[in-house]
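J.: what follows is a predicted protein model with its sequence.
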Amino acid sequence: MPGLTALLLSSLLLASAPAALVPESFAPEYVALGDSYAAGMGTAGSSGRCGQSPEAYPFLYVAKSGLANAHVEACTGASTADVLTSQLGDLTGGTSLVSITVGGTDIGFSDVMSTCVLSGDAACVDRVHQAEDVANGPLGANLAKVFAAIKAKAPNAKILVLGYPHVVEADGPCSLSAAKRKALNEGADQLAAVTRDQSVKAGAQFADARPAFAGHGYCAADAWINGVTLLDVAGSFHPNAYGQRLGYLPLLGG
């Protein structure tokens, strides 16, 4: 049976071929999606239209894992709608891992923080409640659409949804009042609950950033979250290099 012999011989040659001769489609393929937390805004290396930084957790993971097939599409200011319209182009059936941090833009994170820094307790609490209404309202459906679209374009990929930390510590000396800190952390809890719920429904894995950053929020002695940074206002209340490396990277398995 010469045909069978040839088939067996081809299989043996492929199995014993050097890695360089194996088609690229066999190699792990990683695609990183999301907003400023995934892009790395808030670190010293942040630059360009999307504020991407080599200190962001996707780039750190690529470097540590030695991945040759990786695409980082995360962009500062990206909402769930932006992910759907402009970040899914690199997903394929060969994609093995997708990471994403998204939802903060949808609930108005930047405006929430600006209000809580510049205004009184009542205005801060009210603005957080508005953000919670979005999280408990349209955000869930928007996340579901994003996760479904990822799954459709990358059906063989593991989808890892990395959440957001408590931005500020509840205790200790701080420029934000106790009332503001309590409201902000409760808002983060609401966002995490909605994101986890939609992740589970989509068959994705939710990685909770709150335990990872515990004790290292803004106002902590060893903070992994920036305070107000005048030279990089957009990076205020974002993870610094320690937050990316010690907080987020381990959640990705790095």
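T.: Perfect, thanks for sending it. The model shown is predicted, which means the values in this text are computed figures rather than measured ones.
J.: so who does the nearest residue to Gln87 once chain neighbours are set aside touch?
T.: In this structure, Gln87 finds its nearest non-sequential neighbour in Glu73, 4.1 Å apart by Cβ to Cβ, 6 or more residues apart in numbering. Every residue, glycine included, has its C-beta placed from N, CA and C. Applying Cβ atoms under 8 Å, 6 or more residues apart in numbering, one finds that Glu73 lies in contact with Val31, Ala32, Leu33, Ser86, Gln87, Leu88, Gly89, Asp90.
J.: was I right to think the last one contacts His71?
T.: Yes - with contacts defined as Cβ atoms under 8 Å, Asp90 counts as touching His71 at a distance of 4.0 Å.
J.: quick one: common contacting residues for those two?
T.: Val31.
J.: which residues sit in contact with Gly93?
T.: Residues near Gly93 by Cβ under 8 Å, 6+ apart: Ala154, Pro155, Asn156.
J.: in the protein, which residue is closest to the centre?
T.: Centroid check for the chain by Cα atoms, centre = their mean gives Thr101 as the closest residue, at 2.4 Å.
J.: quick check: that residue vs Ala74, distance?
T.: Per Cβ to Cβ, to the nearest Å, Thr101 is found 7 Å from Ala74.
J.: how about Lys180, secondary structure?
T.: Secondary structure, DSSP: H, G, I helix; E, B strand; the rest coil: Lys180 is helix.
J.: tell me how many other residues crowd it.
T.: 22 (other Cβ atoms under 10 Å).
J.: next: Thr195.
T.: Around Thr195 there are 26 other residues, counting by other Cβ under 10 Å.
J.: mind checking the SS state of it?
T.: When the rule is three-state DSSP, Thr195 gets the label helix.
J.: my read: it touches Gly163, true?
T.: Yes - the criterion here is Cβ under 8 Å, and Thr195 meets it with Gly163 at 5.5 Å.
J.: need the overlap of contacts for the two.
T.: By Cβ under 8 Å, 6+ apart, Thr195 and Gly163 have these common neighbours: Phe206.
J.: show me where the stretch 101-250 of the chain has helices.
T.: Taking DSSP state H, counting those that start in this stretch to define them, one finds helices in the stretch 101-250 of the chain at 109-118, 121-135, 138-153, 178-202, 209-213, 241-242.
J.: and Ala221, backbone torsions?
T.: Dihedral angles phi and psi of Ala221 (degrees, to the nearest 10) take the values phi -60, psi -40.
J.: nearest residue to it in space, please, no chain neighbours.
T.: Nearest non-adjacent residue to Ala221, counting by Cβ to Cβ, 6+ apart: Gly172, 7.5 Å away.
J.: tell me how many other residues crowd that neighbour.
T.: Gly172 has 12 neighbours, counted by other Cβ under 10 Å.
J.: repeat that for Ala188.
T.: Neighbours around Ala188, by other Cβ under 10 Å: 25.
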